[in-house]
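Undergrad: could you work out the structure for the sequence below:
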Amino acid sequence: KIAVDNDPQLGAAQAIFLSQNEVVAQNRAFLLPNIALRGQSSDNRRMILGNPKPPTARYNDHGWQAVLNQPIFRLDSWYRFKQAKDLQAEAVANFASEQQALIVRVAESYFTILEEQAGLSASNAERDAVQRQLEQVQQRFDVGLVAITDVLESQAAYDSSTVSVINAEGLQSTAYEPLIRLTNQQIMEVNGLAEDFPVKNPEPQNIEAWVNAALQNNYSLKAAKERLHSAEKGLKLAKSGFYPSVDAQVSYSHNVTGSISFLGDKIDQRSVALNVNLPIYQGGSAPSQVKAAGHNLEAAQKNLDLIRSQVAENTRILYTAINTDVARVRARLRGIESSQSALDATQTGYEVGTRNIV
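TA: Next comes the predicted model:
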């Protein structure tokens, strides 16, 4: 929750999503009426040539015009609007993918911290054990039971373990940095996993079931599908360049002139028009756009096939990795029990004198 509110990467993705989410409203506007109001005013000076003292007339012209334009047949605008819906759906899928990616980044940061903490604990335990060995060897050397070589070897091992502790402390300290960046808060301690944290195989134990679930729900794949639909609309949009367009236009204008006119000094005009535009030749632009849109459609299809294959491949790899890790955890738990038994036996042997060093 803290990362959702503060992660800058997710914040940028959300801003991009909100921006792309407006594409439908923007392209719907090309199908709706367009109303414009224009006005003008001009000061004029008129001189009549040919007289000794040509008279000069000064007057003002001004007026305004209101124009309503309604698209009747705009195939390009229609396909652009349909394409915008696919782009909006792609933006939704991409943002959902970023939200899932944030969950993964937080989890990775958390487990990295736990791993480095465990590494530091292990390094400290190793140094304590080596220190104890060094003390025991030193005692045996003091009474003449071992040579100085054994002491030097133990001292070298202790120094090496000290270096390992220093390295582990550095790694443990820097492990918090990604989490601090994600949450924008100074976090220096996290709770560990519970002792009874469940480590179990995925259910169902059917790899193809998980592959099918991934192919149906993966957001990157959903975004690629919407990108393909958008490319299909793009091809239709390019082909619409060969079709005519029809617009209806209604206008009203009011003009006032200060000059002498047989129409009078005030003119009101209303007009209704149907404008038809039929493209004949555009320098080869339309066929070229169709070819480019066809290539874009092919690229979108290839990209979808690639992502589908990657999703299936990654799902199989992760499914196998989880089962392998579960088996590894169980094996290491048994190894811990065996090591504890060996430690107890060694400690007992040391205490009764059958072992000379722990």
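Undergrad: Ser251 in helix, strand or coil?
TA: Three-state assignment for Ser251 (DSSP: H, G, I helix; E, B strand; the rest coil): strand.
Undergrad: wait, what's in contact with it?
TA: The contact partners of Ser251, taken as Cβ atoms under 8 Å, 6 or more residues apart in numbering, are 65-68, 269-271, 273. (Each C-beta comes from the backbone N, C-alpha and C, glycine too.)
Undergrad: and if you look at Lys1?
TA: Per Cβ under 8 Å, 6+ apart, neighbours of Lys1: none.
Undergrad: Leu102 sits in which helix or strand?
TA: For Leu102, the host element (DSSP states H and E) is helix 75-142.
Undergrad: so for that helix, mean pLDDT?
TA: With pLDDT averaged residue by residue, helix 75-142 scores 94.
Undergrad: which strands and helices lie in contact with it?
TA: helix 2-6, helix 8-20, helix 23-28, helix 148-174, helix 177-183, helix 219-239 (3 or more Cβ pairs under 8 Å, 6 or more residues apart in numbering; DSSP states H and E).
Undergrad: quick one: these as a markdown table, columns for mean pLDDT, mean neighbour count and distance to Leu49 too.
TA: A markdown table is the format used below for the helices and strands packed on helix 75-142 (pLDDT from 0 to 100; neighbours: other Cβ atoms under 10 Å; distance: least, Cβ to Cβ, whole Å):
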| stretch | mean pLDDT | mean neighbour count | distance to Leu49 |
| --- | --- | --- | --- |
| helix 2-6 | 90 | 14 | 78 |
| helix 8-20 | 94 | 14 | 61 |
| helix 23-28 | 96 | 15 | 54 |
| helix 148-174 | 94 | 15 | 90 |
| helix 177-183 | 91 | 17 | 80 |
| helix 219-239 | 96 | 20 | 57 |
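Undergrad: could you dump the ones you listed to JSON lines with distance to Ile35?
TA: JSON lines is the format used below for the helices and strands packed on helix 75-142 (distance: least, Cβ to Cβ, whole Å):
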{"stretch": "helix 2-6", "distance to Ile35": "42"}
{"stretch": "helix 8-20", "distance to Ile35": "26"}
{"stretch": "helix 23-28", "distance to Ile35": "16"}
{"stretch": "helix 148-174", "distance to Ile35": "61"}
{"stretch": "helix 177-183", "distance to Ile35": "49"}
{"stretch": "helix 219-239", "distance to Ile35": "26"}
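Undergrad: nearest to Ala36 among those would be which one?
TA: Closest approach to Ala36 among the helices and strands packed on helix 75-142 (Cβ to Cβ): helix 23-28, 18.0 Å.
Undergrad: tell me what the closest one is packed against?
TA: Packing partners of helix 23-28 (3+ Cβ pairs under 8 Å, 6+ apart): helix 75-142.
Undergrad: tell me the angle the helix it packs on makes with helix 219-239.
TA: Between the axes of helix 75-142 and helix 219-239, defined by axes from the mean of the first three to the mean of the last three Cα atoms, to 10 degrees, the angle is 150 degrees.
Undergrad: run the chain-centre distance for helix 75-142.
TA: Here the centre of helix 75-142 is set off from its chain's centre by 17 Å, with Cα atoms, centre = their mean, to the nearest Å.
Undergrad: quick check: angle from that helix to helix 8-20?
TA: On the basis of the same axes, to 10 degrees, helix 75-142 is oriented at 180 degrees to helix 8-20.
Undergrad: number of nearby residues for Ser271?
TA: By the criterion of other Cβ atoms under 10 Å, Ser271 has 10 neighbours.
Undergrad: how about it, secondary structure?
TA: For Ser271, the assignment made with three-state DSSP gives strand.
Undergrad: ok, what's across the strand from the residue lying closest to it once chain neighbours are set aside?
TA: Leaving aside its sequence neighbours, Ser271 sits nearest to Ser251 (Cβ to Cβ, 6 or more residues apart in numbering; 5.1 Å). With DSSP bridges as the criterion, Ser251 is bridged to Val67, Ser271.
Undergrad: per-residue pLDDT, Ser251?
TA: pLDDT for Ser251: 96.
Undergrad: next: the one 4 residues further on.
TA: According to the predicted model, the pLDDT of Asn255 comes to 90.
Undergrad: for Met188, helix, strand, or coil?
TA: With three-state DSSP as the criterion, Met188 reads coil.
Undergrad: grab the nearest non-local neighbour of Val276.
TA: Using Cβ to Cβ, 6+ apart and skipping the chain neighbours, the partner closest in space to Val276 is Val246 (5.3 Å).
Undergrad: tell me the SS of the one you found?
TA: With three-state DSSP as the basis, the three-state label of Val246 is strand.
Undergrad: list the contacts of it.
TA: Applying Cβ under 8 Å, 6+ apart, the residues near Val246 are 71-74, 274-277.
Undergrad: show me the helices in the stretch 201-350 of the chain, by range?
TA: Along the stretch 201-350 of the chain, counting by DSSP state H, counting those that start in this stretch, helices occupy 207-217, 219-239, 285-352.
Undergrad: quick check: which of those helices is buried the most?
TA: For the helices of the stretch 201-350 of the chain, average neighbour numbers computed from mean count of other Cβ atoms under 10 Å are highest in helix 219-239, which has a mean of 20.
Undergrad: so how far is that helix from its chain's centroid?
TA: Distance, centroid of helix 219-239 to centroid of chain: 19 Å (Cα atoms, centre = their mean).
Undergrad: elements contacting that helix?
TA: Counting contacts by 3+ Cβ pairs under 8 Å, 6+ apart, helix 219-239 packs against helix 75-142, helix 285-352.
Undergrad: any idea which of those gets closest to Tyr219?
TA: helix 75-142 (3.9 Å).
Undergrad: and that closest one with helix 285-352, angle?
TA: Note on geometry: by the same axes, to 10 degrees, helix 75-142 and helix 285-352 are set 20 degrees apart in direction.
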